[in-house]
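[1] I would like to see how this sequence folds:
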Amino acid sequence: MSETSRVPVDCPACGDETVHELLNAGGHATVRCTACDHTHKTELTEPETETVNVIVSQDGESWPTATEVEPDHEFAVGDEFVAETSEAIQQVRVTDVEVEKGRAESATAEAAVTVWTRAVDNVGVDVTIHPNDGRHRENRSEKIYVPGDKEFEVGETERFGEEEIEVVGIHVRDDTDGYSFDKADIGGQSVFAKDIKRLFGRDQITSAWSGW
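    This is a model prediction of the structure:
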């Protein structure tokens, strides 16, 4: 380790736990107190961690990985964390927690058998597009891929590919509780892409109907 590594340990000169520079990590570590410059030896213990199995899902595909956390760390449905997979380092959201006796809304790392998640840094949003006049009532379905933190607002116009639609409604996913509504249908209400179950829009070519 380099001399810039720092660890919190008890300083015999200060009489308190202070931040120390790690000078030598071998055996009993040699450290220097940043408060009083006292150099002494101390035994450093590695923090106890628990390895938890994690399943990451994205666009119908799933792959396994694992994360190391403190044993009392709690995983709860809706929580987000960074997971490192063979595909990439991804921001994921907990969708389910598997314990020995079934499924739970939350569990500590010690109790969790598998934590099920979905990727939320880049997401696919299902879009239903209403026709642009009142005569042809056949809707179309599209899927767009956007950053998870992109915000869609009811009443706003969105463009993707050759499509241009007015957002008329948004269904919110079940695994989020950050909204006061399950369905946004009032102008000005907005939802992040990672929280969208389905977005409804209408073509912006002629005056449209809104029976979504």
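[2] alpha carbons only for contacts and neighbour counts from here, please
    Fine.
[3] can you classify residue 194 as helix, strand or coil?
    helix (DSSP: H, G, I helix; E, B strand; the rest coil).
[4] okay, now residue 47: neighbour count?
    Counted with other C-alpha atoms under 10 Å, residues neighbouring residue 47 total 7.
[5] contacting residues around it?
    For residue 47, the contact set (C-alpha atoms under 8 Å, 6 or more residues apart in numbering) comprises residue 70.
[6] what do you get for residue 72?
    108-110.
[7] where are the low-confidence patches of the chain?
    1-4, 27, 133-137, 205-212 (pLDDT under 70).
[8] got the domain ranges for it?
    The chain breaks down by automatic domain parsing into domains covering 6-42, 50-120, 123-203.
[9] now do the same contact list for residue 123.
    Neighbours of residue 123 in contact, by C-alpha under 8 Å, 6+ apart: 58-59, 145-148, 193-194.
[10] show me which of those are buried.
    146, 148, 193-194 (16 or more other C-alpha atoms under 10 Å).
[11] Throw those residues into a markdown table and include distance to residue 159, thanks.
    Compiled in a markdown table, the buried ones among the contacts of residue 123 are given as follows (distance: C-alpha to C-alpha, whole Å):
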| residue | distance to residue 159 |
| --- | --- |
| 146 | 12 |
| 148 | 17 |
| 193 | 15 |
| 194 | 18 |
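[12] could you identify the most distant pair in the residues you listed?
    146 and 194 (9.0 Å; C-alpha to C-alpha).
[13] pull up the overlap in contacts between these two.
    122-123.
[14] circling back to that earlier point, of the buried ones among the contacts of residue 123, which is the nearest to residue 162?
    Set against residue 162, the nearest of the buried ones among the contacts of residue 123 by C-alpha to C-alpha is residue 146 (15.7 Å).
[15] so that closest one, which state does it fall into?
    Following three-state DSSP, the label given to residue 146 is strand.
[16] list the contacts of it.
    Neighbours of residue 146 in contact, by C-alpha under 8 Å, 6+ apart: 122-125, 193.
[17] I'd guessed residue 40 sits against residue 31; true?
    Yes - if you go by C-alpha atoms under 8 Å, residue 40 and residue 31 touch, sitting 5.6 Å apart.
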